[in-house]
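Student: Prediction below, plus the sequence it came from.
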Amino acid sequence: MEQNSYYFLFANCIPVRGYTRAIICDLTRKTIDFIPIQLFNILIESKKNKIKDIVQRYKGDEKEIMSEYFDFLLENEYIYLCDKDTLKKFPPLSKSWQSPNHISSLIIEYSENFCIPEIIRNIEEYGKLEIQIRFFTKTPINTILKLLSELSNRRICSLELIIPFSNEIQDKTLEKICLDYQFISKFIFYNTPKENIKDHSTPSIIYTHQNILSESHCGFISPHYFNISIDSFTESLYYNNCLNQKLCINKDGEIKNCLNMDRSYGSIHKANLEKIIFSKEFNLYNKIKKDSIDVCKECEFRYICSDCRTFIKYPENIYSQPAKCTYNPYIAKWEDEEGYVSVEECGTYSKNKGFVVDVKKVEALNLELWGG
Ligand code: SF4
């Protein structure tokens with residue numbers, strides 16, 4: 001590598017620091033790579049130095065390691081070598097997040113007791129909607145087709161359908177539905193005899209033998225659910241990435257922030273929608289971003305990881321970590337990895353201070369796990 005050059009970190013490749021390690025989020029290729037904290041600090045603090053000058057600050061093995069770090073960045077196309085003048089020509093990516101919508105995500109549990117197209121017509125004036133409709137019982141295909149036909153002239157950004165498996169829905173029927181209703185982005189068939197995921201098709205078609213509509217399937221935190229995109233990353237910097245601009249209607253017609261939350265804002269048949277959508281109470285969770293949440297604020301995954309405010313570790317503390325997270329950012333281990341210990345073993349939780357890490361204990365654990 002030409003160490004006499006300056007380096008430019010591509011604007012869409014964003015380093016995020018965690019307690020033990022950092023990541024580079026490539027928001028275009030939708031990938032992440034782990035990097036050590038030392039390299040994170042260089043990427044943040046030494047943007048305007050020649051590689052040679054950075055490497056020469058170190059001695060012996062460390063110098064060698066530093067050269068390898070830059071080789072890694074170049075090989076993986078995170079950086080671009082350039083001269084000093086070129087460096088000035090690339091502005092950083094704007095990290096602001098703006099939306100013309102007041103509601104952009106709508107989840108409805110299907111019921112014969114209300115008219116879904118009518119509800120959507122009332123809500124669509126508050127934003128362009130990504131909709132998920134959940135069917136709890138086997139519903140005749142003709143009922144689903146009638147609903148889709150009525151939704152065709154609504155202002156829908158995308159539609160996800162969660163349907164219990166039925167032999168009535170054959171591949172040919174599905175193909176025709178996908179062709180006729182191109183706003184459908186995903187089908188999820190649950191309680192199926194076998195698992196099958198066609199996640200790269202359009203729309204995605206997922207067959208799962210699990211009953212994903214049970215409460216226990218919501219709020220899980222896993223790398224499988226990480227969302228690496230500019231929109232979600234920047235939204236997570238300022239807002240709660242699960243509940244911001246979300247409205248849910250359960251099968252009894254109750255309006256909620258989340259279907260698993262107890263709080264209801266009234267019935268869709270009677271409530272003043274405008275008043276609810278702009279009320280302080282309804283928007284209470286919107287601004288609880290990952291940087292405000294205990295433990296998550298020290299986790300390298302915080303801007304790509306979904307948040308859950310329904311299932312939280314300490315219900316009396318609205319800022320506590322999602323209860324279904326099995327990652328410990330203080331030692332960089334998931335529960336199923338060797339050497340894992342829980343977050344609770346790495347510090348203490350108090351009502352006033354939230355989670356306070358036991359620095360000495362974590363240092364000793366990391367020494368044992370990862371070496372010096
Ligand atoms: S601690 Fe868990 S829930 Fe919080 S950001 Fe990290 S992985 Fe996500």
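Tutor: Alright, I've got the coordinates. Fair warning: this is a prediction, and the values are worked out from it, not measured in the lab. Residues are numbered from 1 along each chain as shown.
Student: neighbours of T31, just the number please.
Tutor: Counted with other CB atoms under 10 Å, the burial measure for T31 works out to 13 neighbours. The way it works is simple: take the backbone N, C-alpha and C, and place the C-beta from them, glycine included.
Student: For it, give the beta-bridge partners.
Tutor: D26 (DSSP bridges).
Student: got a pLDDT number for it?
Tutor: Each residue has a pLDDT score; the one for T31 is 96.
Student: correct me, but it touches I228?
Tutor: Yes: using CB atoms under 8 Å, T31 makes contact with I228 at a distance of 6.7 Å.
Student: Would you agree T192 is in contact with I205?
Tutor: No: taking contact to mean CB under 8 Å, the distance of 11.0 Å between T192 and I205 leaves them out of contact.
Student: For the stretch 51-200 of the chain, give me the ranges with low pLDDT.
Tutor: 197-200 (pLDDT under 70).
Student: change it to 80
Tutor: Across the stretch 51-200 of the chain, the stretches falling below the confidence threshold (pLDDT under 80) are 168-171, 194-200.
Student: just the helices in the stretch 51-200 of the chain please.
Tutor: Taking DSSP state H, counting those that start in this stretch, the helices of the stretch 51-200 of the chain run over residues 51-55, 60-75, 84-87, 116-123, 141-151, 171-180.
Student: Of those, which is nearest the ligand?
Tutor: Each of the helices of the stretch 51-200 of the chain has some distance to the ligand by CB to the nearest ligand atom; the shortest is helix 60-75, at 23.8 Å.
Student: buried sites along that closest one?
Tutor: By 16 or more other CB atoms under 10 Å, the buried positions in helix 60-75 come out as 66-67, 69-70, 73-74.
Student: Alpha carbons of it, in CSV - could you do that?
Tutor: Once non-C-alpha atoms are left out, helix 60-75 reads as follows in CSV (Å, rounded to 0.1, in the frame of the first residue of the first chain):
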residue,chain,number,x,y,z
GLY,A,60,7.6,-2.7,16.7
ASP,A,61,4.7,-5.1,16.4
GLU,A,62,2.1,-2.3,16.9
LYS,A,63,3.5,-0.6,13.7
GLU,A,64,3.1,-3.9,11.8
ILE,A,65,-0.5,-4.2,13.2
MET,A,66,-1.3,-0.7,12.2
SER,A,67,-0.2,-1.3,8.6
GLU,A,68,-2.4,-4.4,8.5
TYR,A,69,-5.4,-2.4,9.7
PHE,A,70,-5.0,0.0,6.7
ASP,A,71,-4.5,-3.0,4.3
PHE,A,72,-7.8,-4.4,5.7
LEU,A,73,-9.6,-1.1,5.2
LEU,A,74,-8.3,-0.8,1.6
GLU,A,75,-8.9,-4.4,0.6
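Student: list the helices and strands that helix packs on?
Tutor: Taking 3 or more CB pairs under 8 Å, 6 or more residues apart in numbering; DSSP states H and E as contact, the helices and strands that helix 60-75 lies on are strand 6-9, helix 37-45, helix 51-55, strand 79-82.
Student: Go through the second one and flag the buried ones.
Tutor: If I follow you right, that is helix 37-45. The neighbour-count check on helix 37-45 (16+ other CB under 10 Å) flags 39-40, 42-43 as buried.
Student: Same check on stretch 251-265?
Tutor: Applying a neighbour-count criterion of 16+ other CB under 10 Å, one finds 251, 253-260, 265 buried in stretch 251-265.
Student: go on, stretch 93-110?
Tutor: Taking 16+ other CB under 10 Å as the basis for neighbour counts, the residues of stretch 93-110 that come out buried are 97, 103-110.
Student: in this structure, which strand has the most residues?
Tutor: strand 156-164 (DSSP state E).
Student: who does that strand pair up with?
Tutor: When sheet partners are counted by DSSP bridges, strand 156-164 sits next to strand 129-134 (parallel), strand 184-190 (parallel).
Student: quick check: angle from the longest one to helix 141-151?
Tutor: Using axes from the mean of the first three to the mean of the last three CA atoms, to 10 degrees, one finds that strand 184-190 and helix 141-151 are set 160 degrees apart in direction.
Student: Only alpha carbons, please: show strand 184-190 as CSV.
Tutor: As requested, the backbone C-alpha atoms of strand 184-190 are provided in CSV (Å, rounded to 0.1, in the frame of the first residue of the first chain):
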residue,chain,number,x,y,z
ILE,A,184,-47.0,-6.7,-1.5
SER,A,185,-43.5,-6.9,-0.1
LYS,A,186,-43.7,-10.0,2.1
PHE,A,187,-45.8,-13.1,2.7
ILE,A,188,-45.3,-14.9,6.0
PHE,A,189,-47.1,-18.2,6.3
TYR,A,190,-47.0,-19.6,9.8
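Student: Go ahead and name everything in contact with that strand.
Tutor: Outside strand 184-190, the residues within contact range by CB atoms under 8 Å, 6 or more residues apart in numbering are 130, 148, 158-165, 169, 174, 177-178, 202-213.
Student: Mind doing that once more with 6 Å?
Tutor: Taking contacts as CB atoms under 6 Å, 6 or more residues apart in numbering, the residues outside strand 184-190 that touch it are 158-165, 203-208, 211-212.
Student: what's the most distant pair in those residues?
Tutor: Between all members of these, the longest pairwise span (CB to CB) is found for S158 and N211 and amounts to 23.9 Å.
Student: Among these two, which residue is more densely surrounded?
Tutor: Under the neighbour definition other CB under 10 Å, S158 and N211 were set side by side, and S158 has more, 15 against 11.
Student: who's that one bridged to?
Tutor: Going by DSSP bridges, S158 is paired in beta bridges with E130.
Student: How is this structure partitioned into domains?
Tutor: What the record gives for the chain is the domain set 6-87, 105-213+245-277, 311-370, from automatic domain parsing.
Student: Can you say which of those domains is nearest to E235?
Tutor: With CB to CB as the criterion, E235 lies closest to domain 105-213+245-277 of the domains of the chain, at 9.0 Å.
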